[in-house]
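Q: I would like to see how this sequence folds:
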Amino acid sequence: MMWCLHGAVGMASDWESFRREMGGAGHEVAAVDLWSYLERGPLTLEEFGLRFSRRVEAGDDDPVLVGYSMGGRLGLHALLAASASWKAAVIVSAHPGLTRERDRILRMGEDARWAARALHGDWAGFLEDWHNRAVLGTPPPEFDDRGRLEPKREAVARSFMEWSLGKQDDLRPRLRRVECPVLWVTGSRDGKFTALGEVAAAQLRHGCALVVPAAGHRVPWEAPGSFAAAVRSFVESL
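A: Residues are numbered from 1 along each chain as shown. As a prediction, the model looks like this:
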């Protein structure tokens, strides 16, 4: 089973086209609703990693993790919490962690402002400004209407606070503890995250960096065919 974790202000349904593509090749995909983990209260990155790994261990003997952006960072915490439980992982456009305390403090402040807007602001305006950030570009048309997320705005706000990059340790020194093979994917138009991914992949025992041509930050949706083919090739080579 492939367990897919979406990004910030994302939805489990974002993985639907990937699920169909992989299903046609005989691979089962489960898209995880990350907001369900925050509906009852705060949950740290480390707590999520442990809780999610236990959930997967209870029902899957051969799990593969696929995590995009924020979901990739959460996925790294799941790998570190129970590395031996995972068959493999695909980490997409994820940040391994800020190295300077000043940058972490600034990021927590920025995310606190996003959290306030998600919780109390105009939802449509919040979504528009989020999707207009330079790192993301234009949201692909196949994404479901994010208006459906408004009833979960409290969980979305919590994600900015609890799962902020500013609250994440720099994971690079710990990546050697990950035992399973990891494919770290970035887009050729996303120079910042491609550089981060190449360094992070080199820290892994069994890591490999893959740069997908003509794609930016949202690789699985900007280059869906290339992404699915790369994941399939990686998984079937294990």
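Q: all strands of this protein, in order?
A: 2-5, 29-32, 64-68, 88-92, 182-187, 207-212 (DSSP state E).
Q: Counting by contacts, list what the second one packs against.
A: Translated: strand 29-32. For strand 29-32, the elements it packs on are strand 2-5, helix 16-24, judged by 3 or more C-beta pairs under 8 Å, 6 or more residues apart in numbering; DSSP states H and E. For every residue, glycine as well, the C-beta is placed using N, CA and C.
Q: Adjacent strands (with direction) for it?
A: In its sheet, strand 29-32 lies beside strand 2-5 (parallel), with partners assigned from DSSP bridges.
Q: what sits up against the strand it pairs with?
A: 12, 15, 18-19, 22, 27-32, 34, 56, 60, 63-68, 70-72, 74-75, 231, 235 (C-beta atoms under 8 Å, 6 or more residues apart in numbering).
Q: again, 6 Å this time
A: By C-beta atoms under 6 Å, 6 or more residues apart in numbering, the list of residues contacting strand 2-5 from outside reads 15, 29-32, 63-67, 71, 74-75.
Q: center of this structure, which residue is that?
A: Within the chain, the residue whose C-alpha comes closest to the C-alpha centroid is Gly71; the distance, by C-alpha atoms, centre = their mean, is 2.0 Å.
Q: My read is that it contacts Val9, right?
A: No. With contacts counted by C-beta atoms under 6 Å, Gly71 stays clear of Val9, the gap being 11.5 Å.
Q: hmm, back to that, nearest to Arg40, of the strands of the chain?
A: With distances scored as C-beta to C-beta, the stretch of those nearest to Arg40 is strand 29-32 (16.1 Å).
Q: just for the chain, where's the confidence low?
A: 134, 136-142 (pLDDT under 70).
Q: Grab the longest helix from it for me.
A: Counting by DSSP state H, the longest helix found in the chain is helix 101-120.
Q: At which residues are the helices of the protein located?
A: Listed in chain order, the helices of the chain (DSSP H) span residues 16-24, 45-59, 70-81, 101-120, 123-131, 153-162, 191-203, 219-222, 224-236.
Q: Of all those, which one comes closest to Phe143?
A: Ranking the helices of the chain by their distance to Phe143 (criterion: C-beta to C-beta) puts helix 219-222 first, at 7.3 Å.
Q: Contacts made by the closest one with the rest, please.
A: The contact list for helix 219-222, computed with C-beta under 6 Å, 6+ apart, reads Phe18, Val92, Pro140, Val185, Gly187, Val212, Ala215, Gly216, Phe227.
Q: How many neighbouring residues does the last one have?
A: This means Phe227. 25 (other C-beta atoms under 10 Å).
Q: And for the fourth one?
A: Burial of Val185 is recorded as 30 neighbouring residues (other C-beta under 10 Å).
Q: does it have beta-bridge partners, and which?
A: Val92, Leu210.
Q: quick one: contacts for it?
A: Val92, Leu210, Val219.
Q: 10 Å - rerun?
A: Taking C-beta atoms under 10 Å, 6 or more residues apart in numbering, we find Val185 in contact with 66, 68, 72, 90-94, 193-194, 197, 201, 208-212, 215, 219-220, 223, 226-227, 230-231, 234.
Q: what do you get for the first one?
A: With contacts defined as C-beta under 10 Å, 6+ apart, Phe18 is in contact with 2, 4, 27, 29, 31, 66, 68, 220-221, 224, 227-228, 231.
Q: nearest to Arg146, of the residues you listed?
A: Nearest to Arg146 among the contacts of Phe18: Trp221, at 13.9 Å, using C-beta to C-beta.
Q: Please report the distance of the closest one from Arg148.
A: Here the criterion is C-beta to C-beta, to the nearest Å. By it, Trp221 lies 17 Å from Arg148.
Q: repeat for Ser13
A: 9 Å.
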